[in-house]
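Undergrad: Structure, please.
(3 chains)
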Amino acid sequence: MSAIIEIKDLTKEFKVLNRREGLKGSIKDLFSRNYKTVRAVDNISMTIQQGEIVGYLGPNGAGKSTTIKMMTGVLEPTSGEIRTNGIVPYANRARNAQEIGVVFGQRSQLWWALPLVESFKILKDIYQIPDEKYNSMLELYGSLVDLEPLLHKPVRQMSLGQRTLSDILAAFLHDPKIVFLDEPTIGLDVSMKSKIRKLIQALNKEKNTTVILTTHDMGDVDALCRRIVIIDKGKMLYDNDIEHLKSFFGSYRTLKIRPDGELSAQAELIGKELPNFSVTADDEWIAILVDEDKSKVIDVLGQLQKSHKIKDMQLEEISTEEVIKKIYEEGVS
Amino acid sequence: MKLKKHITLTKAGIMESLQFRLGTFVMALGNILYLIVVYYLWKAIYASAGTDSVNGMTFSDTLIYLVLATALFNFMEMYTVWEMGRSIQSGKIVLELLKPMEYRSYLFWSNSGAFVTNFVFTFLPTFIAVALVTHGAIHMGLNLLFFLISVIIAISINYSINFIVGTICVYTESIWGINIMKQVIVLLLSGATIPLAFFPETFRKITYYLPFQSIYNAPLSILLNAHPEPKELLVTIGTQLIWAAVLMILSKLFWKVSLRQITVNGG
Amino acid sequence: MKKKGLGFYLRIYFKILAQDIKSKMSYRADFIISTIGMIFTNIAGFVSFWIMFRSFPSINGWGYYEMLFLYGFSLVAITPVQCLFDNNWSLRIAVYTGDFIKYCFRPINIFFYYQSEVFDIKGLGQLAFGIGTLIYSWNKIGLGFTPLILLKMIVFLITASLVMIAMQNAAAATCFWIMNSFYVLDLVTRFKDYAKYPVTIFSPVFRFIFTFLMPIAFIAYYPSLVILRPDEVPLLSWLSPLIGVVFFWLSYKFWMRGALKYNGTGS
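TA: Okay, the predicted model is just below:
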């Protein structure tokens, strides 16, 4: 294994206009402006190896997109070093672009009115993909997804899922060393999500492509990533194996119960009864996060049974989502 | 209160258009440069003609006419056709139909903010500049009041025409094509590019039977005529009023009919 | 990685361009309406020209057919910008919505990739009008025809086109810095309509501005002097091919500077 991305003390600052409020403010803005500096990425360092799938996580506005834009050579860092594939991306944008693939949010990079195969042909020329390589790639695609019906459909007539799938295929077409996927499964249904995850995994395995994945969907992370990097407010919070994270918080388990009565009201009641526990409710369950070092799940359940009629229960290991939430709240020491 | 609702929309529009600071400055600068071009062009034309007055218009008449026609155009152009076209095509129109206001007046009032900024930033400075440069060739009297009335009617006519053309976008995707055709016809036949006085006799007569001359030619000829005959004034403004009423009714009817198309197709 | 030479870029250009024409064909009604709109615009332009010169037989020593020649020349010269660089009009929106970022991820020149995406076929109608006008006025003036004059014509038409392209590039690229660059682009477009008048009508200050700062004088006036007044060609006319190339290069640099500064606002 060799390092494909090396980032050292990377920082990016933006100048942001402070807009004044109201009609008077607008008129003042017309004549004098007031800028402030925002540090979108703050002193981040990491090294990513060839073939890794890295989950790059953080809340909205944490600086994920900014980091990715710097890795792809679109943005110039304010300070710090960044090397992808041995070159400085910003200084060699076109050369860097040859070795990367990008699926950015829901912005399709395909030609809207054309059937997918026509887009592929243009990309083949742009990336100067040799015939045999192009054909073997299409063959590989054919073995992974139901390619034929996609190829001859204009992109604008595709469903969101088909479009995402096509965009991912297009990003891998020139066999790049790194592929950046920004929220690839957003807005898709469960079966399409799993289809896309399988595709990413297979392509990563087959081509040893490094994949940088930003997502809010912990399902993506659980299915694909061994390593995760979490940033918030531009600062790095965590960079390690997902297992390490889980072992760190391993003594936590989630007790899910379904009592009689309206769930959110019940959850509120339980929250009052158990002030030291985190209690949340969704459409089906009330979830109680239990620290097994402090109290046994069975004791908690016993206590709850005294005051509530519990129809059903489940016990779960902690989910990544809760782990990350805890990191946001408490940090990793 | 009904008026308050409208004023709030206007205010929001003013704020929005001021946000585009440089846009505003560039717009003002562009207009100044444009005026300079028009000034020199017509100066050269009149110098070559060798007479002071051509087709009954002197150099300063022509200059005032053309410059103010452009200023009027800039101030009346609300890109209604574009806005309607886009919201019809994107389906956003469905949301706008849900607003507790008739779409025709909603669109008008939410654009009227840009209207006010344009008036203050482009029309007024232009007017003052022209009045100064031509050394009082604009008569400052009752004609200003009639001009103002005439402009207000012109705004209504122009908006109705735009709204009718915008409604066509329900039936076709070609906003650009539709809009450019409208613009070309309106600008030429209203006398905004060349004063109607220069048109050949028959051509000019035809334009007087069309609504377009009520947009630019009517207010401007009122402004330039220091001592109008009451009858003449009455005919000009009367014609404007009739067109304003006819086009308003037409635009409302056309919209009503086309609305069915939207509700059937779901936008 | 293979070297990306001219051949590579040409092949890509035609591939991407062909896709645009294919997709335009799938919106046939739009295409037809836009073409009609374009024809309308040109007819209206001629009508205005005719009305104006009906009343004024010459401007500053330039006769009717010479003016017509300048007009035709400017129409042909603005065809390339209309056909090949039309995507500049969408630049503002691509930047504003953040869609521009997709052009930054490809291993080819951003400017090239962006401009190659749109080919505006309806600009060809304008070309036909322009060539027709040129031939007609050519005959009426009695310019004669030699291979040399044809060569001159082609070289100077390309020159003029480069200047026009440069102006539009620069105007469009302002959107990387200012929010509403539409006004800038609109301004430049409006100015190209004045390219068809001889620059000598302006006072020295504005002659300088329109020659060096907003170089519309190079779109028709300086280049056509070589053909129309071969005995009194100023140095600037002979220099205009060089100036055209320099302006184009500067505008390209400016555009790219903006594109590289671009940080994907709105994503």
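Undergrad: For the chain, which segments count as helices?
TA: Answering for chain A, as no chain was given. Ranges of helices in chain A, per DSSP state H, are A:22-31, A:64-71, A:93-98, A:116-126, A:131-144, A:147-151, A:160-172, A:190-207, A:218-224, A:242-248, A:263-273, A:297-307, A:320-330.
Undergrad: that's the wrong chain, I wanted chain B
TA: Under DSSP H, chain B gives helices at B:2-19, B:21-49, B:59-76, B:80-90, B:93-97, B:103-118, B:124-133, B:142-168, B:175-189, B:201-208, B:217-224, B:230-265.
Undergrad: which of these sits most buried?
TA: Comparing these by mean neighbour count (mean count of other Cβ atoms under 10 Å in any protein chain shown), helix B:217-224 ranks first with a mean of 24. To be clear about C-beta, it is placed using only N, CA and C from the backbone, and glycine gets the same treatment.
Undergrad: And the contacts of that helix?
TA: B:61, B:64-65, B:68-69, B:72, B:138, B:143-144, B:146-147, B:150-151, B:154, B:190-191, B:195-196, B:207, B:228, B:233, B:236-237, B:239-240 (Cβ atoms under 8 Å, 6 or more residues apart in numbering or on different chains).
Undergrad: which of those residues come close to chain A?
TA: Counting by Cβ under 8 Å from any Cβ of the partner chain, nothing from the contacts of helix B:217-224 sits close to chain A.
Undergrad: Dump the helices of chain B to a markdown table, plus mean pLDDT.
TA: Listed next are those as a markdown table, based on pLDDT from 0 to 100:
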| stretch | mean pLDDT |
| --- | --- |
| helix B:2-19 | 66 |
| helix B:21-49 | 78 |
| helix B:59-76 | 85 |
| helix B:80-90 | 83 |
| helix B:93-97 | 80 |
| helix B:103-118 | 81 |
| helix B:124-133 | 83 |
| helix B:142-168 | 91 |
| helix B:175-189 | 89 |
| helix B:201-208 | 90 |
| helix B:217-224 | 89 |
| helix B:230-265 | 88 |
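Undergrad: A:L315: which of the ones you listed is closest?
TA: Comparison of the helices of chain B against A:L315 by Cβ to Cβ identifies helix B:93-97 as nearest, at 45.8 Å.
Undergrad: Local confidence estimate at the residue of the stretch 151-300 of chain A found nearest chain C?
TA: Closest residue of the stretch 151-300 of chain A to chain C, Cβ to the nearest Cβ: A:P154 (8.0 Å). A:P154 carries a pLDDT value of 85.
Undergrad: count of neighbours near it?
TA: Using other Cβ atoms under 10 Å in any protein chain shown, A:P154 is surrounded by 18 other residues.
Undergrad: what do you get for A:I310?
TA: 13.
Undergrad: wait, isn't C:F129 in contact with C:N42?
TA: Yes: under the criterion of Cβ atoms under 8 Å, C:F129 makes contact with C:N42 at 4.6 Å.
Undergrad: Touching both of those two, which residues are there?
TA: C:L75.
Undergrad: okay, those two: which has more neighbours?
TA: For C:F129 versus C:N42, the count of surrounding residues by other Cβ under 10 Å is larger for C:F129: 22 against 18.
Undergrad: quick one: pLDDT of A:L150?
TA: For A:L150, the predicted pLDDT is 88.
Undergrad: now it, nearest residue through space, not along the chain?
TA: The spatially closest residue to A:L150, leaving aside those adjacent along the chain, is A:L116, at 5.5 Å (Cβ to Cβ, 6 or more residues apart in numbering or on different chains).
Undergrad: Contacts only, for that neighbour.
TA: So A:L116 contacts A:110, A:150-153, A:155, A:166, A:169-170 (Cβ under 8 Å, 6+ apart).
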